[in-house]
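Novice: Below are the sequence and a predicted model; questions follow.
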Amino acid sequence: MSGPSRELQSMKAEFFRAIAHPARIRILEMLSQHDEQSVQALQLRLAVDQPIVSQQLAKLRAHGVVTSRKQGTTVLYALADPRIADLLKIAKEILNRRLAGSKTLLHELRRLG
């Protein structure tokens, strides 16, 4: 692998590393459901401390996954690309399918046991 292909693979890896944290995924899911959210709104919905929400938003923003804009004294965050919501939905479907397969296997093992 060389040139642009290697660079593209590195960019993909960086993107997935940027979202690869349970708190960041939860934040992205919240932003998928509600167009723009403040840190305070996310904090209340996620039931986590404000510094954690702010830290995770900063990481997402630094990697271009979310955008921010000021409205008065409030900073509102949104998905940088609405297709991130699609990505999260597809990941959930993949995991649900894997989980369903595991449940079927467990049921078979219990039946045979």
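Specialist: Cool, the structure landed.
Novice: Helices along this structure, start to end?
Specialist: With helices called from DSSP state H, the chain shows them at 3-19, 22-33, 39-46, 50-62, 83-112.
Novice: Could you pull out the buried residues of the third one?
Specialist: By neighbour count on 16 or more other Cβ atoms under 10 Å, the buried set for helix 39-46 is 39, 41, 42, 43, 45, 46. C-beta here means a position set from N, CA and C on the backbone, and glycine is covered the same way.
Novice: Which residue, neighbours along the chain excluded, lies closest to the spatially most central residue of the chain?
Specialist: Nearest to the mean C-alpha position of the chain, counting by Cα atoms, centre = their mean, stands residue 25 at 2.8 Å. Nearest residue to residue 25, sequence neighbours excluded (Cβ to Cβ, 6 or more residues apart in numbering): residue 19, at 6.3 Å.
Novice: contacting residues around that neighbour?
Specialist: Going by Cβ atoms under 8 Å, 6 or more residues apart in numbering, residue 19 touches 25, 28, 60, 65, 84.
Novice: Let's see the ChimeraX selection covering just the buried ones among the residues you listed.
Specialist: A single ChimeraX command is used to select the members of the contacts of residue 19 judged buried by 16+ other Cβ under 10 Å:
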select :28,60,65,84
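Novice: I'd like the contacts of residue 19 as TSV, with pLDDT appended.
Specialist: Formatted as TSV, these follow (pLDDT from 0 to 100):
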residue	pLDDT
25	96
28	97
60	97
65	97
84	96
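Novice: quick one: contacts for residue 53?
Specialist: Contacts for residue 53 were tallied using Cβ under 8 Å, 6+ apart; they are 23, 27, 39, 42, 43, 46.
Novice: Could you count how many residues lie near residue 79?
Specialist: Residues lying near residue 79 (other Cβ atoms under 10 Å) number 19.
Novice: In the sheet, which residues pair with it? Tell me.
Specialist: Note on residue 79: beta-bridge partners by DSSP bridges are residue 66.
Novice: what phi and what psi does the backbone show at residue 35?
Specialist: Per-residue torsions, residue 35: phi -40, psi -70 (degrees, to the nearest 10).
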